[in-house]
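**Student:** Structure, please.
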Amino acid sequence: MGRIVIVGYKPKAGKAEALKVLMQTHVQRLRQEGLATDRESILMEATDGTIVEVFEWVSAEAIQSAHTNPAVLQMWGEYAEVCDYVPVGSLAEAGNLFSDFTPVE
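**Tutor:** Model (predicted):
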């Protein structure tokens, strides 16, 4: 059974565009490793510049296996250079009954 996750990526200073470019390949790279489903991801931006992504892992086991997958670890290193992970609940939008964000194309 798939696992849908919501993740917040706060760009480091001067790295917002680099993060957006990297986000365009995120789920595709997970799929190449057999870890993400074919469900389309959703990318959106909070008012503070945090990129929020909704995507689906193949399973809970796939999430665990990502932590030892060399390709994923390399990708996570690329993310570490351009952003910090933040809880989606910490975003101002999360306090609204209907949390709305700007689409990232």
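**Student:** So which residues of this structure form strands?
**Tutor:** For the chain, the strands defined by DSSP state E occupy 3-11, 42-45, 51-57, 83-86, 102-103.
**Student:** which of the ones you listed sits most buried?
**Tutor:** Among these, strand 51-57 has the highest mean neighbour count (mean count of other Cβ atoms under 10 Å), at a mean of 20. All C-beta spots, glycine's among them, are computed from the backbone N, C-alpha and C.
**Student:** Distance from stretch 22-39 to the middle of the chain?
**Tutor:** When distances are taken as Cα atoms, centre = their mean, to the nearest Å, stretch 22-39 is centred 10 Å away from the chain's centroid.
**Student:** ugh, wrong one, I meant stretch 17-36
**Tutor:** Centre to centre, stretch against its chain (Cα atoms, centre = their mean), the figure for stretch 17-36 is 8 Å.
**Student:** and if you look at stretch 82-99?
**Tutor:** With Cα atoms, centre = their mean, you get 12 Å for stretch 82-99.
**Student:** Now that stretch: average pLDDT?
**Tutor:** Averaged over stretch 82-99, pLDDT sits at 97.
**Student:** Could you export it as CSV, CA atoms only?
**Tutor:** Extracted as CSV, the C-alpha positions of stretch 82-99 are listed here (Å, rounded to 0.1, in the frame of the first residue of the first chain):
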residue,chain,number,x,y,z
VAL,A,82,19.9,24.1,-1.2
CYS,A,83,17.3,23.6,1.5
ASP,A,84,16.4,22.6,5.0
TYR,A,85,13.4,20.3,5.7
VAL,A,86,10.7,22.0,7.8
PRO,A,87,7.4,20.6,9.2
VAL,A,88,4.5,21.7,7.1
GLY,A,89,2.6,22.5,10.3
SER,A,90,5.1,25.3,11.0
LEU,A,91,4.0,27.2,7.9
ALA,A,92,1.6,30.1,8.4
GLU,A,93,-0.8,28.6,5.8
ALA,A,94,-1.1,25.4,7.9
GLY,A,95,-3.1,27.5,10.5
ASN,A,96,-5.9,28.2,8.1
LEU,A,97,-8.9,25.9,7.7
PHE,A,98,-8.2,25.9,4.0
SER,A,99,-4.4,26.1,3.6
